[in-house]
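# What would the 3D arrangement of this be:
(one chain, ligands or ions: 2)
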Amino acid sequence: MIDGPSSLQSPQGHHNSSPKVRRGIGLALCERLLTEDDQIHLCLACRNMQRAKAARISLLSLHPAADISILQVNLGSLKSVCQAATEVKQRYRQVDFLYLNAGIMPNPCINLKVFLSGLFSRKVIHMFTTGEGLLTQKDQITDDGLQEVFETNVFGHFVLIRAIEPLLCHVDSPSQLIWTSSSNARKSAFSLLDYQHIQGQESYSSSKYATDLLSVALNRHFNQQGLYSSVVCPGLVMTNLTYGIMPSLLWMFIMPIMWLIRIFTNSFTITPYNGAEALLWLFRQKPELLDPLLKYHSCTSGLGNNYVESRKMNLEEESSELFYQKLLELEKQTLKKLSESEEEYK
Ligand SMILES: NC(=O)C1=CN([C@@H]2O[C@H](COP(=O)(O)OP(=O)(O)OC[C@H]3O[C@@H](n4cnc5c(N)ncnc54)[C@H](OP(=O)(O)O)[C@@H]3O)[C@@H](O)[C@H]2O)C=CC1
Ligand SMILES: CC(C)CCC[C@@H](C)[C@H]1CC[C@H]2C3=CC[C@H]4[C@H](C)C(=O)CC[C@]4(C)[C@H]3CC[C@]12C
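Ligands and ions are numbered 1, 2, ... in the order given. Model (predicted):
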């Protein structure tokens, strides 16, 4: 099951208005998974059913015999997540792989001062690899009263996992959670006291660090029950997310520079196909043999060859446990509030 695989839309964002299709990492992953094994059953969990249907049709055009179903879920709404979980429990007995791919970076803004000073510093490659300190976002509050980036990128996924736990936990045949995190995840952007990132302007960076912490905690709590979690960084990929940072024309303009930078960094994967490398690699691994403290990076060499590199995450296991406990508490509160408001509505 894969959430956030759709992203089929015209470059302007007007659905169905243009035949030009822009793929995200999720859809590229689906194509690569079906090429790897066309016997699998794929369930695409998307917020927009029209885009989900278009994604399904596009996958079927390449793999006509594939078994693909769709499911509606908006990770920014707890009600929708709970409804989706109920539907999953009705449809399936076991989920072998859950790709937690959906993610947002709303209203991004580039800090040109940081960019220019980074350009002439020794940290220039690090800056291009991680985007550290270069981007700020304007977050908003969802109907559940939570920060949108936190709910969409972290908490919605967490509630979904918890709600379908029985389908994921089978000691005799392990299941895998695979999160699309980022090298933009930064410890200093995250605080346990403000884990939703209400106060700062780097909600994306904070949410991806939260993802890394959560994955470590999930391994500690669920490995013995046959559930394993890993995090991936797809590298810098041209998708709706990056086209939200700068207009396509500007990206086109700086593309030759990016090809040049590719000689010095392996993180400019650029295409969704390349970006999905580590996600696909994890599909082939025995989860019991993976180190929970590693992040798996999709890499593309200057000559365009894809490979996977693992790097140790900058986190402490105690913080991951504290964060996990905070999420459990928040889940209890928010689900209680949700059921109370549904009772009231009846
Ligand atoms: N592109 C990059 O350079 C990098 C991306 N990533 C991560 O990769 C993942 C995929 O992003 P990418 O393919 O680049 O970008 P896209 O914007 O193309 O894909 C994001 C996906 O998430 C879905 N989504 C967003 N909000 C919700 C929601 N509330 N409920 C359900 N689904 C939702 C989108 O659905 P819809 O189709 O309806 O918009 C879309 O399918 C993200 O987690 C991102 O943070 C990490 C590092 C770098
Ligand atoms: C002003 C221009 C001429 C050039 C600006 C370039 C920047 C906009 C981009 C340079 C590096 C990019 C990024 C690096 C890491 C990505 C990370 C892995 C992710 O998850 C989301 C996107 C990135 C932060 C991405 C964003 C654009 C850059 C900062």
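# which residues does the residue nearest to residue 60 when sequence neighbours are not counted contact?
Nearest residue to residue 60 in three dimensions, chain neighbours excluded: residue 66, at 6.2 Å (Cβ to Cβ, 6 or more residues apart in numbering). C-betas here are computed from N, CA, C, even on glycine. The neighbourhood of residue 66, defined by Cβ atoms under 8 Å, 6 or more residues apart in numbering, consists of 34, 38, 42, 59-60.
# how close does residue 66 sit to residue 195?
Separation of residue 66 from residue 195 (Cβ to Cβ, to the nearest Å): 39 Å.
# Residue 207 too?
9 Å.
# Let me know the secondary structure of residue 42.
Classification of residue 42 using DSSP: H, G, I helix; E, B strand; the rest coil returns strand.
# Tell me the confidence at it?
pLDDT for residue 42: 98.
# And the strands in the protein, which stretches?
In the chain, the strands defined using DSSP state E lie at 2-3, 41-46, 67-72, 97-100, 109-110, 135-136, 175-180, 227-233, 294-300, 306-312.
# could the ones you listed go into TSV alongside mean neighbour count and distance to ligand 2?
Formatted as TSV, those follow (neighbours: other Cβ atoms under 10 Å; distance: least, Cβ to the nearest ligand atom, whole Å):
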stretch	mean neighbour count	distance to ligand 2
strand 2-3	26	17
strand 41-46	22	20
strand 67-72	16	25
strand 97-100	25	15
strand 109-110	12	5
strand 135-136	18	6
strand 175-180	24	9
strand 227-233	26	6
strand 294-300	23	9
strand 306-312	14	13
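# OK, contacts around residue 34?
Per Cβ under 8 Å, 6+ apart, neighbours of residue 34: 40, 42, 59, 62-63, 66.
# let's go with 10 Å and repeat that
40, 42, 59-60, 62-63, 65-68 (Cβ atoms under 10 Å, 6 or more residues apart in numbering).
# Now do it against residue 91, distance only.
19 Å.
# Also residue 302?
From residue 302 to residue 91 the distance is 45 Å (Cβ to Cβ).
# cool, and residue 28?
25 Å.
# And residue 129, by the same measure?
40 Å.
# The two: which is more packed in?
Using other Cβ atoms under 10 Å as the criterion, residue 129 and residue 91 rank with residue 129 on top: 21 against 14.
# List the contacts of the spatially closest residue to that one that is not a sequence neighbour.
Of all residues not flanking residue 129 in the chain, residue 267 sits nearest, at 4.5 Å (Cβ to Cβ, 6+ apart). Residue 267 makes contact with 125, 128-131, 183, 233-237, 261, 297-300, 309, according to Cβ under 10 Å, 6+ apart.
# and if we set it to 8 Å?
Taking Cβ under 8 Å, 6+ apart as the test, what residue 267 contacts is 128-129, 183, 233, 235-236, 297, 299.
# likewise residue 28?
Per Cβ under 8 Å, 6+ apart, neighbours of residue 28: 271-273, 275-276.
# So among those residues, which ones count as buried?
271-273, 275-276 (16 or more other Cβ atoms under 10 Å).
# Please identify which pair of these lies farthest apart.
271 and 276 (9.0 Å; Cβ to Cβ).
# residue in the stretch 151-300 of the chain nearest to ligand 2?
Residue of the stretch 151-300 of the chain nearest ligand 2, by Cβ to the nearest ligand atom: residue 182 (3.2 Å).
# My guess is that residue contacts residue 233. True?
Yes - proximity of residue 182 to residue 233 meets the contact threshold set by Cβ atoms under 8 Å, at 5.3 Å.
# circling back: tell me which of the buried ones among the contacts of residue 28 fall in helices.
Secondary structure assignment by DSSP state H places 272-273, 275 of these in helices.
# Out of the residues you listed, which is nearest to residue 165?
residue 275 (29.0 Å).
# how near is that closest one to residue 93?
32 Å.
# How about residue 163?
From residue 163 to residue 93 the distance is 15 Å (Cβ to Cβ).
# Have a look at these two and say which one is more surrounded.
Set residue 163 next to residue 93 and count neighbours by other Cβ under 10 Å: residue 163 wins out with 19 against 8.
# Could you pull up the residues touching that one?
Residue 163 neighbours (Cβ under 8 Å, 6+ apart): 81-82, 85-86, 89.
# Among those, which ones lie close to ligand 1?
With Cβ under 6 Å from any ligand atom as the criterion, the contacts of residue 163 include none near ligand 1.
# and those residues, which are buried?
Using 16+ other Cβ under 10 Å, the buried ones in those are 81-82, 85.
# Surely residue 261 touches residue 124?
No - with contact defined as Cβ under 8 Å, residue 261 does not count as touching residue 124 (9.0 Å).
# Let me know the distance separating the residue of the stretch 51-200 of the chain found nearest ligand 2 from residue 123.
For the stretch 51-200 of the chain, the residue closest to ligand 2 is residue 131, as judged by Cβ to the nearest ligand atom, at 2.6 Å. According to Cβ to Cβ, residue 131 and residue 123 sit 12 Å apart.
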